[in-house]
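1. how does the following fold in three dimensions:
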Amino acid sequence: MKRFFFWVLILGLFAPFARAQSSLQFTIARLKYAGGGDWYSNATSLPNLLRELRTRVHMETDREESIVEPSDPNLFSFPLVYMNGHGTVRFSEADVVSLREYVRRGGVLWADDNYGMDESFRKELLRVLPDHSLVELSFDHPIYSIYYTFDNGCPKIHEHDGGPARLYGIYLDGRIAVLYTFNTDIGDGLESEGVHPEDSLEIREQAMRMAINIVLFVLAG
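-> Model prediction:
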């Protein structure tokens with residue numbers, strides 16, 4: 001049933017973005033932002049996620065992520081754009097306008113704080129969507145059960161400031177346009193074995209399952 005569900009999803013709701021990419025192959029774009037933050041961190045995480053989407057969900061994907069700047073017209077070719085890092089995020093005025101239009105057209109921005117980008121990301125996000133606020137998603141939100149089940153919300157991957165992992169969203173016209181994984185570091189858990197030796201196989205599996213849920217939720221619209 002899950003495989004059937006996925007193909008209904010990918011062939012239907014993903015179709016407008018697929019046409020823009022000239023194929024039904026899905027990929028994730030990594031956002032190359034300014035400000036000095038390491039937007040390129042967790043280099044193996046997205047290729048690993050794409051591989052597991054092919055293996056587990058039988059999804060046609062590219063083998064590598066794409067890289068896109070906020071004001072690049074190619075931004076609008078991707079249903080999901082991912083950003084992470086440890087440092088400062090800064091958007092130009094052109095970036096702000098482009099990102100606002102991107103999410104208004106149906107794209108989703110997934111921000112994953114590696115520990116250190118929270119303050120600047122929240123500040124820049126307010127410039128993109130000044131009339132909308134991040135809200136924490138409840139444990140019964142469908143993102144926690146669309147493929148894998150998480151009874152207690154977003155899994156905790158790395159310990160940073162203490163406290164639970166949190167998953168926030170911003171809604172536009174009744175749909176989620178921004179996802180923000182905070183105090184968890186999902187991207188580190190997606191990295192190849194040995195990159196973060198402190199991450200157990202169980203922790204890495206939880207990160208992968210959550211990331212797969214996020215992708216499928218985004219494509220389900």
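
2. need the strands for this protein, in chain order.
-> Ranges of strands in the chain, per DSSP state E, are 29-31, 66-68, 80-85, 108-113, 135-136, 166-172, 175-182.

3. output the ones you listed in CSV; the columns should cover distance to residue 101 and mean neighbour count.
-> C-beta coordinates here come from the backbone N, C-alpha and C atoms, glycine included. Formatted as CSV, the entries for the strands of the chain read as follows, by distance: least, C-beta to C-beta, whole Å; neighbours: other C-beta atoms under 10 Å:
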stretch, distance to residue 101, mean neighbour count
strand 29-31, 15, 23
strand 66-68, 14, 16
strand 80-85, 13, 24
strand 108-113, 12, 24
strand 135-136, 22, 12
strand 166-172, 12, 18
strand 175-182, 11, 21
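
4. next, the angle strand 108-113 makes with the longest helix seen in the chain.
-> Of all segments of type helix in the chain, defined using DSSP state H, the longest is helix 201-220. Interaxial angle, helix 201-220 versus strand 108-113 (axes from the mean of the first three to the mean of the last three C-alpha atoms, to 10 degrees): 160 degrees.

5. any idea of the mean pLDDT in helix 201-220?
-> The pLDDT scores in helix 201-220 average 97.

6. and the strands of the chain: which comes nearest residue 121?
-> Go through these one by one with C-beta to C-beta and the one that ends up closest to residue 121 is strand 108-113, at 5.8 Å.

7. between strand 175-182 and that closest one, find me the angle.
-> Using the same axes, to 10 degrees: strand 108-113 against strand 175-182 is 10 degrees.
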